[in-house]
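S.K.: I would like to see how this sequence folds:
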Amino acid sequence: MITNYHKEAFAKLSEERQNFLLDIAIDEFSSKGYKNANINVIAKNAGISIGLMYKYFSTKEDLFLTCLSKGMTILHTTLEDVMKSNDKLLKKAERVIRASLVLSRENTNYIKLYNEITAEKDGERAVALAKEVETHTSTIYITAIAQALASGDVRQDLNPRLFAFFLDNLLMMLQFSFSCEYYKERLCIYTGVNIDELNDEEIVNQLLKFVESAFTFEKN
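M.R.: You can find the predicted model right below:
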């Protein structure tokens with residue numbers, strides 16, 4: 001579904017201008033969802049005519065997929081950098097947790113966009129988006145866990161696919177807790193404090209302990 005689509009005219013823009021336009025669009029899509037987002041509003045906020053916008057992107061979907069692709073590139077670049085290292089799996093997990101904290105703060109609107117995608121009501125679109133967004137990420141996690149299993153770095157009774165799913169769920173909820181009002185309040189209810197009051201080191205240490213117990217403690 002996502003094919004690194006870029007109109008020739010858009011590709012000729014400077015990287016700074018491309019990022020500016022996409023950031024405007026991501027803000028619109030993340031706050032209103034795909035169906036309610038208005039490409040005319042995006043063009044106005046970006047300071048360009050609607051005619052020029054359609055020279056860059058032939059449809060709203062083209063623009064949406066480009067926005068999504070930008071966010072995916074940021075995520076996958078970070079994950080691949082961590083997972084290609086020779087670190088033990090738990091060290092990789094720590095680095096991913098820390099990176100998630102940084103990405104959640106620096107790319108709040110993309111996290112909101114991701115949240116909007118998970119709430120997609122169009123069944124066909126939801127399936128297509130899930131395949132595009134999750135396939136690469138899941139492969140990265142599954143491969144890293146399988147390698148750790150083969151090297152004896154983790155408990156030997158785990159299922160790499162299920163553990164990858166559970167680990168990604170933890171990180172997804174953490175990311176949503178920085179950007180989505182429901183999850184912010186959910187975190188506050190559980191912890192008794194707002195997300196901004198939580199110390200990053202405490203988040204890293206406590207989540208890492210949780211992950212460590214899952215990956216290393218075998219049932220007697």
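S.K.: Now do Leu68 against Ile111, distance only.
M.R.: As for Leu68, its distance to Ile111 is 12 Å (criterion: CB to CB, to the nearest Å). Glycine gets a C-beta too; all of them are placed from N, C-alpha and C.
S.K.: How about stretch 60-77, which residues are buried there?
M.R.: Using 16 or more other CB atoms under 10 Å as the test for burial, stretch 60-77 gives 60, 62-72, 75.
S.K.: mind saving the C-alpha coords of stretch 69-76 as PDB?
M.R.: Taking Å, rounded to 0.1, in the frame of the first residue of the first chain, the C-alpha atoms of stretch 69-76 are listed here in PDB:
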ATOM      1  CA  SER A  69       5.900   6.700   5.500                       C
ATOM      2  CA  LYS A  70       7.900   9.600   7.100                       C
ATOM      3  CA  GLY A  71       7.000   8.400  10.600                       C
ATOM      4  CA  MET A  72       7.800   4.800   9.700                       C
ATOM      5  CA  THR A  73      11.200   5.800   8.400                       C
ATOM      6  CA  ILE A  74      12.000   7.500  11.700                       C
ATOM      7  CA  LEU A  75      11.000   4.400  13.700                       C
ATOM      8  CA  HIS A  76      12.600   1.800  11.600                       C
END
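S.K.: which residues are in contact with it?
M.R.: Stretch 69-76 is touched from outside by 2, 4-5, 19, 22, 26, 103, 107, 110, 113-114, 132-133, 136-137, 140, with contacts defined as CB atoms under 8 Å, 6 or more residues apart in numbering.
S.K.: now it: mean pLDDT?
M.R.: Mean pLDDT, stretch 69-76: 85.
S.K.: gap between that stretch and the chain center?
M.R.: In terms of CA atoms, centre = their mean, to the nearest Å, the centre of stretch 69-76 is set 7 Å apart from its chain centre.
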